[in-house]
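S.K.: Sequence and predicted structure below; questions after.
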Amino acid sequence: MTYLRILLLAAIAFGAYTLGARAGRGRYRTIKKNAKKAWNTPGVRSARRTARATSKRGSRKLTRALTR
């Protein structure tokens with residue numbers, strides 16, 4: 001009985017994945033385009049620069065602390 005349930009669930013999951021993959025390609029492209037647009041906005045660019053500078057400072061401090 002449990003074998004049949006597992007088989008049924010696997011078949012449903014496979015069918016849903018296949019149909020979703022076919023239908024979801026256009027949506028994936030839309031999401032990718034919007035994410036790329038958001039990644040390149042001035043505010044996000046500034047935040048990336050700030051995060052990079054902060055992580056470099058932190059890594060230098062950590063390196064100094066560990067080598068003493």
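M.R.: Thanks, I have the structure now.

S.K.: Show the average pLDDT along the longest helix seen in the chain.
M.R.: Counting residues, the longest helix found in the chain (DSSP state H) is helix 2-39. Model confidence over helix 2-39, given as mean pLDDT, is 80.

S.K.: who are the neighbours of that helix, in terms of helices and strands?
M.R.: Using 3 or more Cβ pairs under 8 Å, 6 or more residues apart in numbering; DSSP states H and E as the contact test, no helix or strand touches helix 2-39. In short, each C-beta sits where N, CA and C put it, glycine included.

S.K.: got the angle for the next helix or strand after it vs helix 2-39?
M.R.: On the C-terminal side of helix 2-39, the nearest following helix or strand under DSSP states H and E is helix 42-67. Here helix 42-67 points in a direction 100 degrees away from that of helix 2-39 (axes from the mean of the first three to the mean of the last three Cα atoms, to 10 degrees).

S.K.: Show me which positions of helix 42-67 end up buried.
M.R.: Across helix 42-67, burial judged by 16 or more other Cβ atoms under 10 Å covers no residue at all.

S.K.: and that helix, what does it pack onto?
M.R.: Of the remaining helices and strands, none touches helix 42-67 by 3+ Cβ pairs under 8 Å, 6+ apart.

S.K.: Tell me how far it lies from the chain's centre.
M.R.: Here the centre of helix 42-67 is set off from its chain's centre by 22 Å, with Cα atoms, centre = their mean, to the nearest Å.

S.K.: and what of stretch 38-47?
M.R.: The gap between where stretch 38-47 is centred and where its chain is centred comes out at 17 Å by Cα atoms, centre = their mean.

S.K.: Extract the C-alpha trace of that stretch and format it as PDB.
M.R.: Written as PDB, here are the backbone C-alpha positions of stretch 38-47 (Å, rounded to 0.1, in the frame of the first residue of the first chain):
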ATOM      1  CA  ALA A  38      17.400  45.900 -10.000                       C
ATOM      2  CA  TRP A  39      21.000  44.800  -9.600                       C
ATOM      3  CA  ASN A  40      22.200  47.700 -11.700                       C
ATOM      4  CA  THR A  41      20.200  50.500 -10.100                       C
ATOM      5  CA  PRO A  42      22.300  53.200  -8.500                       C
ATOM      6  CA  GLY A  43      21.100  52.400  -5.000                       C
ATOM      7  CA  VAL A  44      22.000  48.800  -5.200                       C
ATOM      8  CA  ARG A  45      25.400  49.600  -6.800                       C
ATOM      9  CA  SER A  46      26.100  52.000  -3.900                       C
ATOM     10  CA  ALA A  47      25.100  49.300  -1.400                       C
END
